[in-house]
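Participant: Predicted structure and sequence below. I'll ask about it afterward.
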Amino acid sequence: MRYLPLSADDRAEMLRAIGAPSVEDLFVDVPEAVRAGAVFDLPDHQGEIAIERAFTAHAMKNLSPGCAPSFLGAGAYRHHGPAAVDALVQRGEFLTSYTPYQPEISQGTLQALFEFQTQVCMLTGMEVANASMYDGATACAEAALMAARVTRRKSVLVSGSVHPHYAEVTETQLRFTDVACERLAPDPVGVEDLIGRVGPDLACVIVQTPSVFGRLSDYSALAAACHAAGALLVVAVAEPVSLGALMPPGEMGADIVVVDGSSLGMPLSFGGPGVGLFATREKYLRNMPGRLVGQTVDVDGRRGWVLTLSTREQHIRREKATSNICTNSGLCALAFSIHVAMLGEAGFAKLAAVNHATAVKLAQGVATVPGVKVTTPAFFNEFAAMLPKPAAEVVEALAARGILGGVPAARLFPSYPELDNLLLLAATETNTEQDIDALVAALAEVLR
Amino acid sequence: MAKIYFSEEHEWISVEGGVGTVGITEYAQTQLGDVVFVELPEVGASIDKGDDVAVVESVKAASEVYSPVSGEIVEINEELADAPGLVNQNAEGDGWFFKITLADDSELDDLMNREDYDAFVEGLE
Amino acid sequence: MNDLPIPASAAPGTVTGNRGLTVEEPLIFEQGSAGNSGVDLPEPFDVPSRLGGLARKGPIGLPGLSEPQVVRHYTRLSQKNYSIDAGFYPLGSCTMKYNPRLNEKVARTPGLGDLHPMQPVSTVQGALAVVHALAGWLTELTGMAGVAMSPAAGAHGELCGVMAIRAAQEAKGDARKVILVPESAHGTNPATAALCGYAVVGIPADAEGRVDIAALAARLGPDVAGLMLTNPNTCGLFEREVREIADLVHRAGAFFYMDGANFNAIVGRVKIADLGVDAMHINLHKTFSTPHGGGGPGAGPTVLSEALAKFAPLPFVRKTGDGYELVETAAEAGPERSPFGRMKGFHGQFGVMIRALAYAMALGKDGLRQASGDAVLNANYLLARLKDTLTAPFPGPCMHEALFDDGFLKDTGVTTLDFAKALIDEGFHPMTMYFPLVVHGALLMEPTETESKQTLDLFADTVLALAAKAKAGEAEFFHAAPRLTPRRRLDETLAARKPVLRWVP
């Protein structure tokens, strides 16, 4: 039992000090019948060799995107993580520390989170950001609740540009509150009229850019309409790398920006854990969910950082808290922040440029396949393509050829048969020209 | 001449000409410690006695402030936004929270005078 | 904000402000030079832009640093953190146990750590097998009918459980109005109940630190949807009448949510289904040793009784013959299930699940039982060593954590906080302070099973020596603590009155 330091002698000596005959006697408050009846059909302890072997066996049953040309997006994007990021994140002082409630011995985490908050403000064009939420989808739901608190209004409108997981999590989170959630149908080509739906009862409109179909939109006019009606504009971003190339939501007039940060710093890990970035205007600070790190001084007058404004949080405000969130995604926020620090201004801009150019190259390639039409006019690193047959079948056929050839829109929107032939394709800096050629050739073969 | 009343929730109200000025008591501010933020009601809001109208926050605690009377909010202490420490420095003076019209003077009968309040606080310790 | 003293100017004694291994480190924005980068990227293809006129016009504002500068910055920051790798962390209720490195290694296995969540299900059968295997461990260890694997943390798991309760009550025709929560509960419990549209009503503790059953029975009624009860409770005590509590709750037509934050005390010894529980979240970052990471990520899978399991959220993994399917929609879930919705993007905290499964396999059923036994033994040993000097409000034995109040500091001029800060100078992380709220000036100590007797003895000796110092009238010593840390006590009032939440140029 390699994780347990007590020896048999230790245990005996400690029991003597306690005055208990056995460890079992310490469980005297647990009903005896319950203890006696607990039989577990589980294996006994195992060594490292057996456990590594078991996980390798699981891994062999998967097709790793690292071993196949991969064009998957739909809210998760495969980027290259610099080796230094994972090495730093695995330092025990970061990995195995607790939430920084004791600031004198947590300045490392606190300063890193203060830097993270600053980076999030810079990237989104907003004024204040918190120290992270679970992921983009849950941050979106928290934004809806916050908008209802700020406006004291009871209805939320979710655009068809929004990833269905974000929309469903928001809907679920609001389901048992007094805030109503209206979801619009998926909008691949950008025909929905959001401005016409903004009214005096609306707490917020939630949109996404790039949209779940890759579309880019300028939401400035929508922001103005929201503000004229006393509503907030919430902008969700599923691909933070896009912020290096695109006008930030803050410049469009967004009131709350939520971002899924998992593109930067952490492995895809089958979609979790990720990290939710959450930014807003300073005037809404007190209504914001999540932890905040603030700058201050110590008794010697030296600059330092603390968790602050915690009276918004559940451990103090209990049922009146802005959110029930406690543990969030501290280590993922750190990983995100280190990756952004590694990139720097020039690197971030170039990463975004490479992503965009690779996606344009991909779009040019698939457009040459007979019967395939790229339907997204302006995009960042992901776009939609209409195929002559159901995309799910095509994706399976491509997988059989060792290519992860995009995400069928039908997987996201199964109840909209008109989207059955639509395929979402993403490209990043990890894709080569050979990858693109392989996909184009295989796609032509599958569709022949 | 203003007359001052106290509630069991540690608010004071000083009444003059049909308008009450409300704040928290000296005892309340010592219990709270350094006040860092005060959330005030909107001017024009119509309030029932006992409604939670304001929140006063220290670093580690947040307390609701309940209106000792019914009426309409006519003024709030804008200075608290930049200087919440006024509540600590002068809770029963410059650290006032809001002014409210009195819808029903008889509600004051449920409140304590200074002497009774002091005795009430003594009983808590 | 930048008129605050710069770091190097203030630290005493040295030219740089550094003190040996403790090195002052400016913000990353105060370093580097524009144009530098720590990443070399391929050149973009020469293709026309298709950004549709929405290109960013101004710079982001990030500094430019090379790789060695970034590595040094974060290495220096890391050296200002306490951690379980480096020392004892007796934080009650937080379960700061050792985080095995094997868990980190297997989570990075190629073909697991790098999987995309939207790959065709035929290409992720091994990943679904991992989720299914961990679900099997959790249901077998608890004896419960089902488990929702997607919640991202403990509070998220609570939300899952209470949403399932609300969905089940609505299915019976009346959502009801109230959730009962004992006064000693974690703050997440009332916050969660409020998010599900429930009013929160507190239930007092009895003189022994346990739920007052008479008060509970008196408050139960047709308006009560459920009870949220932490067990072992936040005083470190097992609610010995838990079966009676469950029966009372069920007789009132309500559900019993057991907060599983302290499941580590009884894992491998008790099947919580036998206690009459309807729902419980399991903090994988506590009981199953996944790292806290300075505040997450965690995971909060939520086990559910037969009555609640059909309401579990999407998505979930289902075994089919020789493979697995990933059920992502209500239609795929089938008529026997009524999922209340979706709680998270994609499929849950897969990376955390891998680590938890590796831990469960490493300990096995025998090791988990030994672990909970050692956790309880260690806590009772601390209680035994300290109770004659510190004041223990409730008699033992305790479970995995030992609770003291500040009675022993009465009239010393030393507060619980001062006492804790003095422990920092001695090289220990403080215990949990001022929680639970049911005792005055609480000190809650949870040693966990991964501490040696030698560590516990040194800690106990230190606490006893400090208590003697406090009683000897040396209050000033405590007020000035900590002295030996990268920063001394920080001005939290200033931080809250004039919030500075980001760097500005």
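Facilitator: Structure received.
Participant: The helix or strand hosting residue C:417 close to chain B?
Facilitator: For residue C:417, the host element (DSSP states H and E) is helix C:416-425. No - Helix C:416-425 does not reach chain B (Cβ under 8 Å from any Cβ of the partner chain); its nearest approach is 10.0 Å. (Each C-beta comes from the backbone N, C-alpha and C, glycine too.)
Participant: and if you look at stretch C:481-490?
Facilitator: No - Stretch C:481-490 stays clear of chain B (Cβ under 8 Å from any Cβ), getting no nearer than 10.7 Å.
Participant: any idea where the strands of the chain begin and end?
Facilitator: No chain was given, so I picked chain A. A:128-129, A:155-158, A:180-183, A:202-208, A:232-237, A:256-260, A:276-280, A:292-297, A:303-308, A:373-374, A:382-386, A:407-408, A:422-426 (DSSP state E).
Participant: actually it's chain B I care about, not the one you picked
Facilitator: Using DSSP E, strands in chain B cover B:3-6, B:11-16, B:19-24, B:35-39, B:46-47, B:52-58, B:62-66, B:71-76, B:98-101.
Participant: just the stretch 351-500 of chain C next, same as before
Facilitator: Assigned by DSSP state E, counting those that start in this stretch, the strands in the stretch 351-500 of chain C fall at C:402-404, C:432-433, C:443-445.
Participant: Would you mind finding the longest helix in chain A?
Facilitator: Counting residues, the longest helix found in chain A (DSSP state H) is helix A:330-367.
Participant: What is that one packed up against?
Facilitator: Applying 3 or more Cβ pairs under 8 Å, 6 or more residues apart in numbering or on different chains; DSSP states H and E, we find helix A:330-367 packed against helix A:83-89, helix A:92-95, helix A:107-124, strand A:373-374, strand A:382-386, strand A:422-426, helix A:433-447, helix C:67-78.
Participant: I'd like those written out as JSON lines, with mean pLDDT, distance to chain B and mean neighbour count added.
Facilitator: Output for the helices and strands packed on helix A:330-367, formatted as JSON lines (pLDDT from 0 to 100; distance: least, Cβ to the nearest Cβ, whole Å; neighbours: other Cβ atoms under 10 Å in any protein chain shown):
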{"stretch": "helix A:83-89", "mean pLDDT": "98", "distance to chain B": "31", "mean neighbour count": "19"}
{"stretch": "helix A:92-95", "mean pLDDT": "97", "distance to chain B": "26", "mean neighbour count": "22"}
{"stretch": "helix A:107-124", "mean pLDDT": "98", "distance to chain B": "16", "mean neighbour count": "27"}
{"stretch": "strand A:373-374", "mean pLDDT": "98", "distance to chain B": "51", "mean neighbour count": "16"}
{"stretch": "strand A:382-386", "mean pLDDT": "98", "distance to chain B": "43", "mean neighbour count": "25"}
{"stretch": "strand A:422-426", "mean pLDDT": "98", "distance to chain B": "44", "mean neighbour count": "27"}
{"stretch": "helix A:433-447", "mean pLDDT": "97", "distance to chain B": "54", "mean neighbour count": "17"}
{"stretch": "helix C:67-78", "mean pLDDT": "98", "distance to chain B": "25", "mean neighbour count": "20"}
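Participant: so which of these comes closest to residue A:18?
Facilitator: helix A:92-95 (31.7 Å; Cβ to Cβ).
Participant: neighbouring contacts of the closest one?
Facilitator: Helix A:92-95 is contacted by residues A:88-89, A:108-109, A:112, A:331, A:334, C:74, C:78-79, C:81-86, C:99, C:104, C:291, C:293-294 when judged by Cβ atoms under 8 Å, 6 or more residues apart in numbering or on different chains.
Participant: is it true that residue C:358 touches residue C:99?
Facilitator: No - contact criterion Cβ atoms under 8 Å: residue C:358 and residue C:99 do not qualify, at 10.9 Å.
Participant: Compare those two and say which is more crowded by neighbours.
Facilitator: When residue C:358 and residue C:99 are compared on other Cβ atoms under 10 Å in any protein chain shown, the one with more neighbours turns out to be residue C:358, at 28 against 24.
Participant: quick one: the more buried one from residue C:368, how far?
Facilitator: Relative to residue C:368, residue C:358 is positioned 13 Å away (Cβ to Cβ, to the nearest Å).
Participant: try residue A:408
Facilitator: 42 Å.
Participant: Wait, a helix at residue C:214?
Facilitator: Yes - according to DSSP: H, G, I helix; E, B strand; the rest coil, residue C:214 belongs to a helix.
Participant: since we're on it, how many residues are nearby?
Facilitator: 10.
Participant: Return the residues in contact with it.
Facilitator: Contacts of residue C:214 (Cβ under 8 Å, 6+ apart): none.
Participant: and what of the one 10 residues further on?
Facilitator: Residues in contact with residue C:224 (Cβ under 8 Å, 6+ apart) are C:176, C:177, C:178, C:179, C:180, C:201, C:252, C:254.
Participant: so what pLDDT did residue B:118 get?
Facilitator: Looking at residue B:118, its pLDDT stands at 94.
Participant: mind checking how far it is from residue B:8?
Facilitator: Distance of residue B:118 to residue B:8, given as Cβ to Cβ: 13 Å.
Participant: Centroid-nearest residue for chain B?
Facilitator: Nearest to the mean C-alpha position of chain B, by Cα atoms, centre = their mean, lies residue B:23 at 2.5 Å.
Participant: so what's that residue up against?
Facilitator: Here residue B:23 is in contact with B:11, B:12, B:87, B:91, B:92, B:95, B:96, B:97 (criterion: Cβ under 8 Å, 6+ apart).
Participant: Which members of those residues are positioned in helices?
Facilitator: Among those, DSSP H puts residue B:87 in helices.
Participant: For chain A, see how far away residue C:107 is.
Facilitator: Using Cβ to the nearest Cβ, to the nearest Å, we find residue C:107 at a distance of 8 Å from chain A.
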